[in-house]
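Asks: Here you go, sequence then predicted model.
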There are 2 protein chains.
Amino acid sequence: MPSDHIRTAFFISDGTAITAETLGHSLLTQFPDAKFRQIRIPFVDTLDKAIDCAQQIREAGLKDGARPIVFSTMVNQDTVAGLRRADALFIDLFEQFIGPLEVELDMRSNHAVGRFHGIAESSDYKARIEAINYAMAHDDGISSDGELADADVILVGVSRSGKTPTSLYLAMQFGVKAANYPLIPEDFERNKLPGEIHRYRRKLFGLTISPERLSQIRQERRANSRYAALDNCIYEIDAAQKLMRRENIPWLDSTTKSIEEIAATIMQAVRLNKPAY
Amino acid sequence: MPSDHIRTAFFISDGTAITAETLGHSLLTQFPDAKFRQIRIPFVDTLDKAIDCAQQIREAGLKDGARPIVFSTMVNQDTVAGLRRADALFIDLFEQFIGPLEVELDMRSNHAVGRFHGIAESSDYKARIEAINYAMAHDDGISSDGELADADVILVGVSRSGKTPTSLYLAMQFGVKAANYPLIPEDFERNKLPGEIHRYRRKLFGLTISPERLSQIRQERRANSRYAALDNCIYEIDAAQKLMRRENIPWLDSTTKSIEEIAATIMQAVRLNKPAY
């Protein structure tokens, strides 16, 4: 199989197919020289839909001149069988792992479709939505007195160091209530933490970033401004790091990290062992 | 193994462990009668760290009186070997699936740790951050003239029907630029879509919700208000559905759906085949 061929990778599930896709991505990125066309098909929860999928898989195989790769998380055995009518490399997470788990736990799995079924009304799910609302309401220093008492973590850092996406991800993925507070030049002049966040020192976590990258990001928002100028970014980053060091705030450098990596690092650092959704 | 025992489930990775945890959760929820203590350990990227983990697994097993279950995504074979010094049921996604993929693709995988490595500067990653900023800047009808032209999708629905969390999730998971626009009583009186969104009809997607659930959610925000009263919720939902039907806007009922399910349904409905992150 020459490496310049394109293969089709399918992510198929009776649910959202997001788990299948996440795993499939991780595995496919281990083959950087291969090229893949990626297709997500969620909610394949009947035999008819599975047979339609099999047809789509078959057609992709003919078009590519190579067997498609199918990552799936199908709970129902009949639906899996429908899918398997096509010729492909099937990688099914449930099929592969449910068996060993049943033996280990000495229990039958319930083979229930849709891990989220009924979850929308659960208290976990409500807490997660609440955390998202909290992150929105406490973004960028918008916090009334006393409201930060509810925060699980308060992110600090200069403007555009990654606080907002991280706060939202922490809420979305882990149900963590994350507020965030910008460190601005006036804070450095006063040489003090802004607002009332000094009261919550144990909840603080800092983000820093390389001045070059910061300048680049700020240029995209306000080209040729003082705000985006490299020398100003060098000054702000240096002042922010001094402040964080003095106040004993743990921090990380977000420059080459994804939101996932930043969030996982924070969860570990502040010892929040909330389960992910 | 009696079912009232608690088992410890570990999610371990040389990366964020989020993939291992997502998959692990899906599998464990298939055993609703079993109880699990869940521990996430990210960034296990050296043999020493793996040996520390093995010790933690061993201790959990002794404490529980039952073998722990370890879901992992470890790229490095040596690190896996360190982990395996403990007695546990090991479910490793890489180990299990990389082999068959290598055979199928007739290629060696690069066994590179950290799928996100270097990704923070990629164009895909920038697009995702941009989508998050877009969702924040175009939440709840905050859109200046012409700005909606950039939206991939515009969510509409009554206040608290789930638009904001869905917009953020679409941005975070799929890099989709989602604006959202509330449908308010004045729109129903005028019997017209608000603002300039009628110009972007093909991008519109509606969310609706049961009046009972809506009233409950609104009560939590403004108890005993007209806003939260059941009869008002019945009126708003009914008016919103009439408007959406007349304007030919596809919609779904968010009442019993998770954010993931809502987002996956929208991606399918508006035929956005953007890959997930």
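Replies: Perfect, thanks for sending it.

Asks: Touching, A:L101 and B:L27? I think so.
Replies: Yes - the pair A:L101 and B:L27 qualifies as a contact (Cβ atoms under 8 Å) at a distance of 6.1 Å. (Glycine included, C-beta is placed from N, CA and C.)

Asks: what's the overlap in contacts for these two?
Replies: By Cβ atoms under 8 Å, 6 or more residues apart in numbering or on different chains, A:L101 and B:L27 have these common neighbours: B:I91.

Asks: mind listing the helices for chain A?
Replies: Using DSSP state H, the helices of chain A run over residues A:18-28, A:47-64, A:77-83, A:93-105, A:123-137, A:163-174, A:185-190, A:211-221, A:230-246, A:259-269.

Asks: would you turn the ones you listed into JSON lines with mean neighbour count?
Replies: Output for the helices of chain A, formatted as JSON lines (neighbours: other Cβ atoms under 10 Å in any protein chain shown):
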{"stretch": "helix A:18-28", "mean neighbour count": "24"}
{"stretch": "helix A:47-64", "mean neighbour count": "17"}
{"stretch": "helix A:77-83", "mean neighbour count": "18"}
{"stretch": "helix A:93-105", "mean neighbour count": "18"}
{"stretch": "helix A:123-137", "mean neighbour count": "18"}
{"stretch": "helix A:163-174", "mean neighbour count": "26"}
{"stretch": "helix A:185-190", "mean neighbour count": "13"}
{"stretch": "helix A:211-221", "mean neighbour count": "17"}
{"stretch": "helix A:230-246", "mean neighbour count": "17"}
{"stretch": "helix A:259-269", "mean neighbour count": "22"}
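
Asks: could you redo those as JSON lines and give each row distance to B:S122 and mean pLDDT?
Replies: Below are the helices of chain A laid out as JSON lines (distance: least, Cβ to Cβ, whole Å; pLDDT from 0 to 100):
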{"stretch": "helix A:18-28", "distance to B:S122": "13", "mean pLDDT": "89"}
{"stretch": "helix A:47-64", "distance to B:S122": "25", "mean pLDDT": "96"}
{"stretch": "helix A:77-83", "distance to B:S122": "32", "mean pLDDT": "90"}
{"stretch": "helix A:93-105", "distance to B:S122": "27", "mean pLDDT": "90"}
{"stretch": "helix A:123-137", "distance to B:S122": "25", "mean pLDDT": "89"}
{"stretch": "helix A:163-174", "distance to B:S122": "15", "mean pLDDT": "95"}
{"stretch": "helix A:185-190", "distance to B:S122": "31", "mean pLDDT": "93"}
{"stretch": "helix A:211-221", "distance to B:S122": "13", "mean pLDDT": "94"}
{"stretch": "helix A:230-246", "distance to B:S122": "22", "mean pLDDT": "97"}
{"stretch": "helix A:259-269", "distance to B:S122": "13", "mean pLDDT": "93"}
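
Asks: For burial, what's the neighbour tally of A:D106?
Replies: A count of nearby residues for A:D106, using other Cβ atoms under 10 Å in any protein chain shown, gives 10.

Asks: gap between it and B:A9?
Replies: 16 Å (Cβ to Cβ, to the nearest Å).

Asks: same question, A:M244
Replies: Going from A:M244 to B:A9 by Cβ to Cβ gives 35 Å.

Asks: before we move on, the earlier item: and B:D78, which of the helices of chain A is closest to it?
Replies: Comparing the helices of chain A against B:D78 with Cβ to Cβ, the closest turns out to be helix A:18-28 (19.2 Å).

Asks: Restrict the closest one to CA atoms and write it as PDB.
Replies: The C-alpha trace of helix A:18-28 is given here as PDB (Å, rounded to 0.1, in the frame of the first residue of the first chain):
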ATOM      1  CA  ILE A  18     -17.000  11.500  20.000                       C
ATOM      2  CA  THR A  19     -15.300   8.800  22.000                       C
ATOM      3  CA  ALA A  20     -14.600   6.700  18.900                       C
ATOM      4  CA  GLU A  21     -13.300   9.900  17.100                       C
ATOM      5  CA  THR A  22     -11.100  10.900  20.000                       C
ATOM      6  CA  LEU A  23      -9.500   7.500  20.300                       C
ATOM      7  CA  GLY A  24      -9.300   7.100  16.500                       C
ATOM      8  CA  HIS A  25      -7.500  10.500  16.200                       C
ATOM      9  CA  SER A  26      -4.900   9.600  18.800                       C
ATOM     10  CA  LEU A  27      -4.200   6.300  17.000                       C
ATOM     11  CA  LEU A  28      -4.100   7.800  13.500                       C
END
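
Asks: the inter-axis angle of it versus helix B:18-28?
Replies: Interaxial angle, helix A:18-28 versus helix B:18-28 (axes from the mean of the first three to the mean of the last three Cα atoms, to 10 degrees): 140 degrees.

Asks: hmm, who's touching helix A:18-28?
Replies: A:9, A:11-13, A:34, A:36, A:38, A:40, A:42, A:69, A:71-73, A:91, A:93, B:18-19, B:22-23, B:26, B:73, B:93-94, B:97-98, B:101, B:115, B:173, B:260, B:264, B:275-277.

Asks: same deal with stretch A:257-271?
Replies: A:152-153, A:155, A:162, A:165-166, A:169-170, A:173-174, A:176, A:203, A:205, A:207, A:250, A:252, A:254, A:272-274, B:15-18, B:40, B:42-43, B:114, B:116, B:119-120, B:125, B:128-129, B:172.

Asks: so how far is that stretch from its chain's centroid?
Replies: 10 Å (Cα atoms, centre = their mean, to the nearest Å).

Asks: A:V80: what's its closest spatial neighbour, skipping adjacent residues?
Replies: With Cβ to Cβ, 6 or more residues apart in numbering or on different chains as the criterion, A:V80 has its nearest non-adjacent residue at 4.6 Å, and that residue is A:M74.
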